[in-house]
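Novice: no FASTA, just this:
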(Lines give C-alpha, C1' and ligand atoms only; values in the text may rest on other atoms or scores of the structure.)
Protein backbone atom coordinates (compact mmCIF):
# COMPACT_ATOMS: atom_id res chain seq x y z
CA UNK A 1 0.00 0.00 0.00
CA UNK A 2 1.24 3.42 -0.87
CA UNK A 3 1.68 6.15 1.73
CA UNK A 4 -0.43 9.26 1.27
CA UNK A 5 1.43 12.55 1.55
CA UNK A 6 -0.13 15.79 2.60
CA UNK A 7 0.01 18.84 0.37
CA UNK A 8 2.84 21.13 1.40
CA UNK A 9 2.53 24.87 1.85
CA UNK A 10 4.56 25.27 -1.35
CA UNK A 11 2.06 23.18 -3.33
CA UNK A 12 -0.82 25.18 -1.90
CA UNK A 13 0.82 28.48 -2.82
CA UNK A 14 1.75 27.36 -6.35
CA UNK A 15 -1.72 25.93 -6.92
CA UNK A 16 -3.61 29.00 -5.73
CA UNK A 17 -1.38 31.40 -7.67
CA UNK A 18 -1.60 29.16 -10.75
CA UNK A 19 -5.39 28.96 -10.58
CA UNK A 20 -5.74 32.73 -10.17
CA UNK A 21 -3.21 33.35 -12.97
CA UNK A 22 -5.09 30.96 -15.26
CA UNK A 23 -8.42 32.63 -14.58
CA UNK A 24 -6.94 36.06 -15.29
CA UNK A 25 -5.20 34.73 -18.41
CA UNK A 26 -8.53 33.48 -19.70
CA UNK A 27 -9.66 37.11 -19.95
CA UNK A 28 -6.65 37.76 -22.20
CA UNK A 29 -8.01 35.24 -24.72
CA UNK A 30 -10.77 37.69 -25.65
CA UNK A 31 -8.55 40.75 -26.02
CA UNK A 32 -8.25 42.48 -29.40
CA UNK A 33 -4.47 42.00 -29.49
CA UNK A 34 -4.91 38.23 -29.49
CA UNK A 35 -7.40 38.36 -32.34
CA UNK A 36 -4.90 40.34 -34.44
CA UNK A 37 -2.43 37.43 -34.36
CA UNK A 38 -4.76 35.15 -36.28
CA UNK A 39 -8.19 33.60 -36.33
CA UNK A 40 -6.82 30.35 -34.87
CA UNK A 41 -4.79 31.84 -32.03
CA UNK A 42 -7.59 32.65 -29.54
CA UNK A 43 -8.75 29.02 -29.67
CA UNK A 44 -5.22 27.65 -29.17
CA UNK A 45 -4.50 30.13 -26.37
CA UNK A 46 -7.81 29.25 -24.71
CA UNK A 47 -6.88 25.56 -24.78
CA UNK A 48 -3.46 26.29 -23.28
CA UNK A 49 -5.03 28.36 -20.49
CA UNK A 50 -7.60 25.62 -19.83
CA UNK A 51 -4.85 22.97 -19.68
CA UNK A 52 -2.87 25.07 -17.24
CA UNK A 53 -5.96 25.60 -15.05
CA UNK A 54 -6.74 21.86 -15.05
CA UNK A 55 -3.11 21.04 -14.27
CA UNK A 56 -3.15 23.35 -11.24
CA UNK A 57 -6.23 21.52 -9.96
CA UNK A 58 -4.25 18.28 -10.34
CA UNK A 59 -1.29 19.75 -8.46
CA UNK A 60 -3.67 20.92 -5.71
CA UNK A 61 -4.86 17.34 -5.31
CA UNK A 62 -1.26 16.01 -5.40
CA UNK A 63 -1.72 14.07 -8.65
CA UNK A 64 1.12 13.19 -11.00
CA UNK A 65 -1.00 13.93 -14.05
CA UNK A 66 -1.25 17.54 -12.87
CA UNK A 67 2.51 18.01 -13.09
CA UNK A 68 2.70 16.23 -16.45
CA UNK A 69 -0.13 18.33 -17.88
CA UNK A 70 1.49 21.50 -16.53
CA UNK A 71 4.80 20.65 -18.20
CA UNK A 72 3.00 19.82 -21.45
CA UNK A 73 1.07 23.09 -21.44
CA UNK A 74 4.25 25.05 -20.69
CA UNK A 75 6.03 23.36 -23.60
CA UNK A 76 3.09 24.06 -25.93
CA UNK A 77 2.98 27.72 -24.83
CA UNK A 78 6.73 28.14 -25.39
CA UNK A 79 6.56 26.60 -28.85
CA UNK A 80 3.58 28.75 -29.91
CA UNK A 81 5.16 31.91 -28.49
CA UNK A 82 8.46 31.18 -30.22
CA UNK A 83 6.74 30.57 -33.56
CA UNK A 84 4.90 33.88 -33.24
CA UNK A 85 7.98 35.78 -32.06
CA UNK A 86 6.36 36.68 -28.73
CA UNK A 87 8.57 34.63 -26.43
CA UNK A 88 8.86 36.12 -22.95
CA UNK A 89 12.01 35.19 -21.07
CA UNK A 90 10.34 35.92 -17.73
CA UNK A 91 7.47 33.54 -18.46
CA UNK A 92 9.87 30.80 -19.59
CA UNK A 93 12.02 31.17 -16.47
CA UNK A 94 9.05 31.23 -14.07
CA UNK A 95 7.35 28.28 -15.75
CA UNK A 96 10.58 26.28 -15.77
CA UNK A 97 11.19 27.08 -12.10
CA UNK A 98 7.70 25.93 -11.11
CA UNK A 99 7.94 22.83 -13.30
CA UNK A 100 11.34 21.75 -11.96
CA UNK A 101 10.33 22.43 -8.37
CA UNK A 102 7.17 20.33 -8.81
CA UNK A 103 9.29 17.50 -10.19
CA UNK A 104 11.12 17.33 -6.85
CA UNK A 105 7.80 16.35 -5.21
CA UNK A 106 6.71 14.13 -8.11
CA UNK A 107 7.55 10.86 -6.32
CA UNK A 108 5.29 11.83 -3.40
CA UNK A 109 2.28 12.43 -5.63
CA UNK A 110 -0.53 9.99 -6.29
CA UNK A 111 -0.63 7.90 -9.49
CA UNK A 112 -4.40 7.46 -9.46
CA UNK A 113 -6.94 9.78 -10.96
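Specialist: Cool, the structure landed. Only a predicted model underlies this, so the values are computations on that prediction, with no experimental measurement involved. Residues are numbered from 1 along each chain as shown.
Novice: all contacts plus neighbour counts: C-alpha atoms, from now on.
Specialist: Fine.
Novice: Could you list every helix and strand in contact with the helix or strand of the chain with the lowest mean pLDDT?
Specialist: Across the helices and strands of the chain, mean confidence by mean pLDDT, DSSP states H and E is lowest for helix 32-37: a mean of 82. Under the contact definition 3 or more CA pairs under 8 Å, 6 or more residues apart in numbering; DSSP states H and E, helix 32-37 sits against helix 41-60.
Novice: ok now do residue 98, which residues does it touch?
Specialist: Residues in contact with residue 98 (CA atoms under 8 Å, 6 or more residues apart in numbering) are residue 14.
Novice: Give me the buried positions along the helix or strand that contains it.
Specialist: Here residue 98, judged by DSSP states H and E, is contained in helix 89-104. The neighbour-count check on helix 89-104 (16 or more other CA atoms under 10 Å) flags 95, 98-99, 102-103 as buried.
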